[in-house]
Every structure is written in structure tokens, then in C-alpha cells.
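> Need a 3D model of the following:
(2 chains)
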Number of protein chains: 2
Amino acid sequence: MSLLVVGSVAFDEVETPFGKTGKILGGAGTYISLAANHLTDKILLLSVVGGDFPEEYLNHFRNRQIDISGLKVVASEKTFFWAGKYHNDMNSRDTLVTELNVLAGFDPVVPPNALDAKYLMLGNLTPSIQKKVINQMRTRPKVVAMDTMNFWMQSAWDDLLEVLSMVDILTINDEEARLLSGESVIRKAARKILTMGPKYLIVKKGEHGAMLFDQNEIFYAPAIPLENVVDPTGAGDTFAGGLMGYLAAKDSVNFQEIKNAMVYGSVLASFTVETFGTENLLKISGKDIQGRLNEFIKMSSFNL
Amino acid sequence: MSLLVVGSVAFDEVETPFGKTGKILGGAGTYISLAANHLTDKILLLSVVGGDFPEEYLNHFRNRQIDISGLKVVASEKTFFWAGKYHNDMNSRDTLVTELNVLAGFDPVVPPNALDAKYLMLGNLTPSIQKKVINQMRTRPKVVAMDTMNFWMQSAWDDLLEVLSMVDILTINDEEARLLSGESVIRKAARKILTMGPKYLIVKKGEHGAMLFDQNEIFYAPAIPLENVVDPTGAGDTFAGGLMGYLAAKDSVNFQEIKNAMVYGSVLASFTVETFGTENLLKISGKDIQGRLNEFIKMSSFNL
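Predicted coordinates for the structure are as follows:
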């Protein structure tokens, strides 16, 4: 197993100015693993769903050789459900429903074949759960990356700080970087966060791209301006999946490779937001990815 | 004369979370010409000030060999005055005072030595005034670029459309692009605006960089994340000055060169926002610019 992905597998119900879905496949673990799968194989997804989770969705993972031996199905419970509505500008949303259901009791057990995974991506989850996964690893992974959110900064500060001290890469958005650091200027926020544990900080800025910081360097990856943004749900997780999928495939980690990984993450995320849910992620080919990668390179290169 | 700059020369009074200035040198024409001057010579500034405009400020231009034979001093009137206060996030501001004063009667007369200027930068002004300048040119400039703002879209629509049909490059911010086009998605907005006249559209996004569009291509120049943003006033005009200064110096205009010009514009703008008013623009050296250009290149390059 080269990439262990831990994150929610869920039902989402999304409303945007372009329409409203019923219950569709969602969750951080879903987006991360489906995205990473475009760049690397040997992925194991560690998560939990309820008895209501359809076989058809499980097959999406199976058909792609994503190992779901760590995806526990608890027959007596219901799958995590999230419903949200995006505002007209697509940059903000209201959460309408959060039913944790089976996720409330999620007690991840890393399967034996993933105990030595070299790459570990921790999707946004309770920090104590994230910590529990790291502590189960038999070998310290080459890279531990994590996502988190405002909510944990407000409700689980000490646990969050502890997990932060254990990871290599942190991916958060600009607002979260400000909250985590208490600094409103991103460059100052980054410097502070880099003293909390992560060697690399990635600040996601949605349609404005993403920035990478380490102690010495900065990289700013723009985002491709799209004609049709239909549903931003899962963009950040897709980005993280592309990032870690690329690193696991290369099996080489330094500032240069993380830059490249971010470009792949951005490219994959650009597909995710063009359709509702995972539709594009399940559909696109390597050729589609290469085409948009070329667009990205063209869009961001100059010669001075 | 290779670059003719038309735009306000003003007194500004600025309040930001970092402090409050008294009346300091400001105005679009000021920032544009001082920025362009770092990249090219043979600049003529066409504008108007009142009898209260200090000799010291005139000397800033004279000392840099910026031709101010077109800067009319109307002794009986007062200089244009603008006062504004920035909010805590520095991304929005309130205009506290706008006293047009001498600018209200600004009737630009292009001096003889600028009638064949190959590059013309029209700072944000009443569209009918911008048109008047274009119509006075003896030779159609190689490049006419213009800036404008929301206010004219709401109050001088027909005039604005007419000027737009006469220019090569339009520089506006994202909000203005949406208003001008009636399209909320920037890529759609750009396509529409490119049917209105300009061959090139530059959408400025402040701390998120700037995008260039023509019929076929897109370029996204990120902005350098800065430690200290003290006063954003003049950033857009500095960007435009850097852009046109670079093009005039190169005397070559195509998508590739405009990309490079935007990078210089971004680099210069990054200096402007680090101090109040024109302080940095008046102080920085070619070495400073080269240093930050290197930073910019490093920050935005990857190897895929």
C-alpha cells in the first residue's frame, strides 16, 4: 500500500444556482481517493459507512482497484449525511444538514497491509481520530498530510495542535490559516503555522489558486479560470488527493515536487467543480488531465 | 515621446490600519508615470493641477526626466483631492472626500511632441476626456491602453462604449469586469468584453494577482504575498504604469510581451502597497526591482 487515505465517505445533497442534487456520493475520503487514483495505484481508503450505503457506490472504488478493506460497513447505522446550499457567487455556502450518523462512532483501525504505507492523507476529521491513525502506523510514513477546518480550531484546539506537530504537510484555506495563526497577513500566518509542526503549508484560495510555503520558499499556483463552475463541493479534497497521488507516484518529496503536485491537484480540482459531486472525477481520462495540465502550464508560464 | 500618460495628479489623504497620512502626492497619472519611469524614459504626463500644487512634487517628475510640459497648472484653482479609509482587510475602502476642483474642467491638449507617441496610457477619467485625447493623436498609437471604473459604467455608458471600441488594452478589476459584461463568471465576462473593442483584457484581482485574456489565450499572473501591506492606493495604476513602461521599452506588443509586462506591473505594484502613497516608487532602484522580479519568477515557476 503506498497511499493510505482516511476521511469521510458520505451522502451529500447540494444546491447551487445550477440545480439541486438528491443524495449523491460525497465525503472527503471519497474525493481524495478518487482523485489520487488518477495519478497512483495502491490506495487504501479507511472510513466507515452505514447499511444504507449502496453497492453501486462501493463499486466505484472497487472498479478502480481502490482497496476498501478498511471501509467498514455498519449495517445497523446510517451513512454520514451533509446537505449544503451555495450562494450565488459560489464562494460561500450554508450547511443545511449535518447528520454524523455512523461517523460519530468512527474508530479507525488501519488494516495490516496499510501499516507501512509511505504516504498518509488525513482528510478533515476530529483531530483525535487523525492522531489515532498516525499512532497506529508501524513505520512513520514518508509524508503525513492533513486537512482540517475552522470547527476544530474552535472546539478541539489542544488535540489539533498535537496532530499538527506530527504532520509534514498541512492543507487549509486562507480563512483557516488566519484563524489558526491569529495573523491576518497570509505570509505572517504561514510563518507562524510552520512553527507548529508542518514542514510545508498549503493555503488554498479557491478560484484564486493555492500557495505553498516552507521555511525558505513560496510557490503560488494560480487556478484555471473556468467557464462553468457548477458545484465547488469536494474541490479542496480533490486537490489534496491529486497532491498526494502525485507524490506517492513520484515517491519523491521536496519543494519542487510539491509544487508539481499542487499543479496536478489544481488540475483535478478544476474538473470536480465543473459537475455535481464526483461525476467528473469518475469520468475523466488521463488524456483529459493531460490536456488541462497543458492549459495550466500555458496559462502560468512567461519568459523573463 | 514614446509613452503618453493621461491621468489625474492629485492630493490624497489615506487612512489604513497602519496609520493616516496628511495630504500626500497621489493620482492615477502620478502613479502610472512614476512606475513606467522605472522601465522606460521618454514619458510625457498630461494632466492638470491647481495653484496649491507644491514645487517639490513637480520636481519629483522633473528629476526623473518625466516631461511635464503637458501638466497644466491653473493658479486660480485647487488640485484634485481624494480622501479614503481602508477597512481592516485592506481589500475594501470608503471614499471620504472627492473634491474634483481643477480636474472638473480638465480639457486635455496633447502637446506637439506627444502627438505621435507610440504608447498611450489613459488613466481612469471621464470617458469623454479619454476619447478626446485619442482623437487628438496625429498618428494612431501602436498601443492605446485604458483604465476605467464602476462609476463610468453607471453614469457614462455610451461614452464608455465608444472609448472601449478605440483601445487595445483594457485594465479593470474583477468586479468591474462583471459589471461591464453582465457576466459573473470571469472567463465569460472576458469573452464578452473582448467583443467591445479591446484586443487584450487585463483583469486585476489585487492580492490574488491579475489575468490576461485575448481571443485565444489566458495568462494568470499571481501576486507576491507580502509581509506588509500598508496602503493599497495606487496599486492598480502602478501596475498599469509598469505594464506600459515595459511595452514602450520593448516596443514589441504581443501576448508573450504583455505577459512579461504584467509581471513587471505586479512587481512594481508590490512595492507601492508596502508604503504610503508614492514613497516606495520614488525610492526603489533597478536592483530592488530585479530582486523582486527574481522572487516573482521563483514563486511562479514549476517544472512539469
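> quick one, what contacts residue A:51?
Shown in contact with residue A:51 (C-beta atoms under 8 Å, 6 or more residues apart in numbering or on different chains): A:73-78. Bear in mind the C-beta positions are built from the backbone N, C-alpha and C, glycine included.
> Is chain B within reach of whichever strand or helix holds residue A:266?
Taking DSSP states H and E as the criterion, residue A:266 maps to helix A:255-272. Yes. Helix A:255-272 reaches chain B (C-beta under 8 Å from any C-beta of the partner chain) through A:256, A:259-260, A:262-263.
> So which residues on chain A come close to chain B?
Residues of chain A lying near chain B (C-beta under 8 Å from any C-beta): A:88-89, A:184-188, A:190, A:205, A:208-209, A:211, A:217-229, A:256, A:259-260, A:262-263, A:293, A:297-304.
> Just the buried subset of these, please.
A:185-188, A:190, A:205, A:208-209, A:211, A:218-226, A:229, A:259-260, A:262-263, A:293, A:299-300, A:302 (16 or more other C-beta atoms under 10 Å in any protein chain shown).
> Counting neighbours, what do you get for the closest residue to residue A:64 other than its chain neighbours?
Distances taken as C-beta to C-beta, 6 or more residues apart in numbering or on different chains put residue A:37 closest to residue A:64, at 5.0 Å, once the chain neighbours are dropped. Residue A:37 has 22 neighbouring residues, counting by other C-beta atoms under 10 Å in any protein chain shown.
> just the one 3 residues further on next, same as before
As a burial measure, the neighbour count of residue A:40 was computed by other C-beta under 10 Å and equals 19.
> Also residue A:292?
By other C-beta under 10 Å, 18 other residues sit near residue A:292.
> Okay, and it sits in which element?
With DSSP H and E as criterion, residue A:292 is part of helix A:286-300.
> sorry, back to before: out of the contacts of residue A:51, who's nearest chain B?
residue A:78 (36.9 Å; C-beta to the nearest C-beta).
> In contact with the closest one, which residues?
By C-beta under 8 Å, 6+ apart, the neighbours of residue A:78 are A:50-52, A:99, A:101-102.
> and which of those is nearest chain B?
Comparing these against chain B with C-beta to the nearest C-beta places residue A:99 closest, at 32.2 Å.
> Leaving out sequence neighbours, find the closest residue to that closest one.
Per C-beta to C-beta, 6+ apart, closest to residue A:99 is residue A:81, 4.3 Å.
> Surely the one you found touches residue A:9?
No. Using C-beta atoms under 8 Å, residue A:81 is not in contact with residue A:9; the gap is 11.4 Å.
> With neighbour numbers in mind, choose between those two.
Neighbour count, other C-beta under 10 Å: between residue A:81 and residue A:9, residue A:9 has more, with 30 against 21.
> how about the strands in the stretch 51-200 of chain A?
Listed in chain order, the strands of the stretch 51-200 of chain A (DSSP state E, counting those that start in this stretch) span A:71-74, A:81-86, A:93-99, A:119-122, A:143-147, A:169-173, A:200-204.
> same for the longest one, what does it pack against?
With contacts defined as 3 or more C-beta pairs under 8 Å, 6 or more residues apart in numbering or on different chains; DSSP states H and E, the secondary structure elements packing on strand A:93-99 are strand A:81-86.
> quick one: strands adjacent to the strand it packs on?
Strand A:81-86 pairs in its sheet with strand A:10-16 (parallel), strand A:93-99 (antiparallel), by DSSP bridges.
> Go through those and pick out the most buried.
strand A:10-16 (a mean of 22; mean count of other C-beta atoms under 10 Å in any protein chain shown).
> Packing partners of the following helix or strand past that strand?
Sequence order places strand A:19-20 as the next helix or strand after strand A:10-16, per DSSP H and E. The contact analysis (3+ C-beta pairs under 8 Å, 6+ apart) places strand A:19-20 against no helix or strand.
> Show me what strand A:19-20 is in contact with.
Counting by C-beta under 8 Å, 6+ apart, residues outside strand A:19-20 touching it are A:13-14, A:230, A:276.
> cool, and stretch A:89-105?
Under C-beta under 8 Å, 6+ apart, the answer for stretch A:89-105 is A:8, A:10, A:13, A:16-17, A:48-50, A:74, A:77-87, A:206-207, A:229, A:232, B:184.
> repeat for stretch A:271-287
In contact with stretch A:271-287 (C-beta under 8 Å, 6+ apart) are residues A:12, A:14, A:16, A:18-19, A:21, A:24-26, A:30-31, A:34-35, A:38, A:60, A:226, A:228-235, A:238, A:268, A:288-289, A:292.
> State the distance from the residue nearest to the spatial centre of chain A to chain B.
Closest residue to the average C-alpha location of chain A: residue A:237 at 2.5 Å, with C-alpha atoms, centre = their mean. Residue A:237 sits 22 Å away from chain B when distances are taken as C-beta to the nearest C-beta, to the nearest Å.
> same question, residue A:169
When distance is defined by C-beta to the nearest C-beta, residue A:169 is 17 Å away from chain B.
> So that residue is in contact with residue A:142, correct?
No. Look at residue A:169 against residue A:142 with C-beta under 8 Å: they stay out of range, at 11.1 Å.
> more crowded one of these two?
residue A:169 (24 against 16).
> Run through the bridge partners of the more buried one.
Applying DSSP bridges, one finds that residue A:169 bridges with residue A:145, residue A:200.
> what's the answer for the one 4 residues further on, then?
Judged by DSSP bridges, the bridge partners of residue A:173 are residue A:204.
> tally of neighbours for it?
Neighbour number of residue A:173 under other C-beta under 10 Å is 18.
> In this structure it contacts residue A:204, no?
Yes. With contact defined as C-beta under 8 Å, residue A:173 reaches residue A:204; the gap is 4.7 Å.
> Can you pull the residues that touch both of the two?
With C-beta under 8 Å, 6+ apart, residue A:173 and residue A:204 have common neighbours residue A:236.
> Ramachandran angles for the closest residue to residue A:126 other than its chain neighbours?
Nearest non-adjacent residue to residue A:126, counting by C-beta to C-beta, 6+ apart: residue A:156, 6.6 Å away. With angles defined as degrees, to the nearest 10, residue A:156 sits at phi -140, psi 50.
> Residue A:156 touches residue A:125, doesn't it?
No. If you go by C-beta under 8 Å, residue A:156 and residue A:125 don't touch, sitting 10.5 Å apart.
> Between those two, which is the more surrounded one?
Shown here are residue A:156 and residue A:125; by other C-beta under 10 Å, residue A:125 has more neighbours (25 against 16).
> Tell me who's in contact with that one.
Residue A:125 neighbours (C-beta under 8 Å, 6+ apart): A:6-8, A:28, A:106.
> who wins for most neighbours among these?
residue A:6 (28 neighbours).
> so how many other residues sit close to residue A:138?
10.
> Just want to check the distance between the residue lying closest to it once chain neighbours are set aside and residue B:251.
Distance criterion C-beta to C-beta, 6+ apart; nearest residue to residue A:138, sequence neighbours excluded, is residue A:115 at 4.0 Å. Note on residue A:115: its distance to residue B:251, by C-beta to C-beta, to the nearest Å, is 64 Å.
> Equivalent analysis for residue A:28, please.
In terms of C-beta to C-beta, residue A:28 sits 52 Å off from residue B:251.
> can you check residue A:183 too?
Counting by C-beta to C-beta, the gap from residue A:183 to residue B:251 is 44 Å.
> which of those two has more neighbours?
residue A:183 (16 against 13).
> doesn't residue A:194 make contact with that one?
No. Taking contacts as C-beta under 8 Å, residue A:183 lies outside contact range of residue A:194: 11.8 Å.
> can you redo the contacts of residue A:51 as JSON lines with distance to residue B:244?
Output for the contacts of residue A:51, formatted as JSON lines (distance: C-beta to C-beta, whole Å):
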{"residue": "A:73", "distance to residue B:244": "63"}
{"residue": "A:74", "distance to residue B:244": "65"}
{"residue": "A:75", "distance to residue B:244": "68"}
{"residue": "A:76", "distance to residue B:244": "69"}
{"residue": "A:77", "distance to residue B:244": "64"}
{"residue": "A:78", "distance to residue B:244": "62"}
